[in-house]
Structures are given as C-alpha cells and as structure tokens.
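[1] Sequence and predicted model, in that order:
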Amino acid sequence: MDSEVWGFQTGVKVVPSTSMRVLVANSHIHNNIVGVMNAPASNAISFTSVTLRNNIIADNTCGTATSAFGATTPSATDCGTLTAASGINKTAVTSIYHNGIHDNGTGVFARGAAGSAEIAYNEITGNFTFGLHRIDSGIIRTFTPATNVISNNAASDAPNASTGLTRKAKRRAHRSAARRSAY
C-alpha cells in the first residue's frame with residue numbers, strides 16, 4: 001500500500017505456490033515491463049486473487065496481466081503469461097476497482113478461461129496496443145451499473161462477462177471511493 005514501484009521486469013508479481021489473496025492500494029506502478037502479474041505457479045494451488053484499488057498503473061509494457069496458465073519472462077506480445085501447454089490451469093482473478101490505467105502498451109490482459117479481470121470504476125485510457133485484451137478464452141468482467149472509462153486506446157476487446165452489483169459490493173465500492181477522496 002502507498003508505494004511507488006518502477007523499473008522492474010514485473011512491478012508486483014503474484015505467482016504463488018499456495019492459494020493467496022493480495023491487495024495493492026494507493027500505489028503508483030509505472031515504467032515496468034508488466035505492472036501487476038497474477039498467475040498460479042503450479043497446479044498445487046486452488047486459486048490466486050489480487051485486488052487493485054486506487055492505483056495509477058502507467059507507462060508499463062503491460063499494465064495488468066492475469067493468467068490461468070502461469071507466468072514467464074515478460075514480453076510485449078504475451079504480457080509474461082504462459083500458454084495452456086504449460087500444463088497449469090488454475091483460477092486467477094484480478095479485481096480492478098477505481099484505478100487509472102494509462103499509457104501502457106496493453107492496459108488489462110486476461111488469459112485462459114479460469115483467468116479473469118474484473119473491472120469497475122476505472123479509467124483505462126491511452127494504451128497504445130490494447131486497452132482491454134483477452135486471449136485463450138480469458139474473461140474481462142464488468143459490473144453494472146458501475147462504469148469504466150475505456151477510451152483513446154489503439155484497440156480494445158469488449159468485456160465478455162457482466163454481473164450486477166450486489167448491495168454489499170455497492171457499499172464496498174462506495175467506501176473505496178470515500179477512502180480515495182481522503183488522499
């Protein structure tokens with residue numbers, strides 16, 4: 001929390017060998033190859049979960065990358081994610097709320113049917129390859145009536161899943177916005 005992360009291959013790398021939940025909040029993650037990576041290290045885990053809240057993720061080759069198939073050395077074409085041939089296929093969920101994801105190569109990347117990026121109340125703008133990109137049946141889920149500003153990107157894949165906000169989720173999002181305005 002409250003950090004500046006820059007100059008790495010992967011700024012925040014969550015590639016666990018046991019099931020894990022991680023929160024990254026109020027941070028500036030910039031000038032890395034991959035800003036935030038969420039992927040299982042092996043089939044020994046049940047899931048990996050990362051929540052990104054109130055961050056600026058900018059000027060990375062890939063802003064956020066979520067993969068069900070594991071991670072490898074980052075590159076621009078695959079955001080450091082492995083293919084299904086890796087033999088790994090576990091649930092990886094990145095929840096992305098109230099972030100600015102700007103001026104990356106790819107803003108939000110999801111790979112594999114068990115790899116999902118959930119987005120609400122974000123500004124995803126000015127990414128010069130893709131704003132949103134999903135491959136190998138990756139999931140990008142939006143929440144309604146939450147909105148995202150997704151504009152001025154070179155291209156964007158449409159989100160392929162949507163869920164209504166529950167009362168609990170609305171309260172959580174409201175508290176998050178109130179905390180953000182306090183900074």
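    Perfect, thanks for sending it. Numbers count the residues shown, from 1 in each chain.
[2] what separates residue 73 from residue 104, distance-wise?
    Distance of residue 73 to residue 104, computed by CB to CB, to the nearest Å: 18 Å. (Each C-beta comes from the backbone N, C-alpha and C, glycine too.)
[3] Return the alpha-carbon coordinates of stretch 65-79 using PDB.
    Extracted in PDB, the C-alpha atoms of stretch 65-79 (Å, rounded to 0.1, in the frame of the first residue of the first chain):
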ATOM      1  CA  ALA A  65      -1.800  -9.400 -16.600                       C
ATOM      2  CA  THR A  66      -3.900 -12.200 -15.300                       C
ATOM      3  CA  SER A  67      -3.300 -15.800 -16.400                       C
ATOM      4  CA  ALA A  68      -4.700 -19.200 -15.500                       C
ATOM      5  CA  PHE A  69      -1.700 -20.800 -17.200                       C
ATOM      6  CA  GLY A  70       1.200 -19.400 -15.100                       C
ATOM      7  CA  ALA A  71       3.900 -16.700 -15.800                       C
ATOM      8  CA  THR A  72       7.100 -16.500 -17.700                       C
ATOM      9  CA  THR A  73       9.600 -13.800 -18.600                       C
ATOM     10  CA  PRO A  74       7.600 -10.700 -19.600                       C
ATOM     11  CA  SER A  75       7.300  -9.700 -23.200                       C
ATOM     12  CA  ALA A  76       5.000  -7.300 -25.100                       C
ATOM     13  CA  THR A  77       3.100  -9.900 -27.000                       C
ATOM     14  CA  ASP A  78       2.000 -12.200 -24.100                       C
ATOM     15  CA  CYS A  79       2.400  -9.900 -21.100                       C
END
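[4] Show me which residues of it are buried.
    Across stretch 65-79, burial judged by 16 or more other CB atoms under 10 Å covers 65, 66, 67, 68, 69, 70, 71, 72, 74, 78, 79.
[5] Of those residues, which is the nearest to residue 143?
    Distance to residue 143 across the buried residues of stretch 65-79 (CB to CB) is lowest for residue 66, with 16.3 Å.
[6] doesn't residue 34 make contact with that closest one?
    No. Counting by CB atoms under 8 Å, residue 66 sits too far from residue 34 to count as a contact (10.8 Å).
[7] which regions of this protein lie under the pLDDT threshold?
    Within the chain, the stretches with pLDDT under 70 are 1, 168-183.
[8] Centre-most residue in it?
    residue 64 (3.9 Å; CA atoms, centre = their mean).
[9] name the element it belongs to?
    Remark: residue 64 resides in strand 62-67, with elements defined by DSSP states H and E.
[10] So what are the sheet partners of the helix or strand following that strand and their directions?
    Where DSSP H and E defines the elements, the next helix or strand beyond strand 62-67 is strand 91-97. Strand 91-97 pairs in its sheet with strand 47-53 (parallel), strand 115-120 (parallel), by DSSP bridges.
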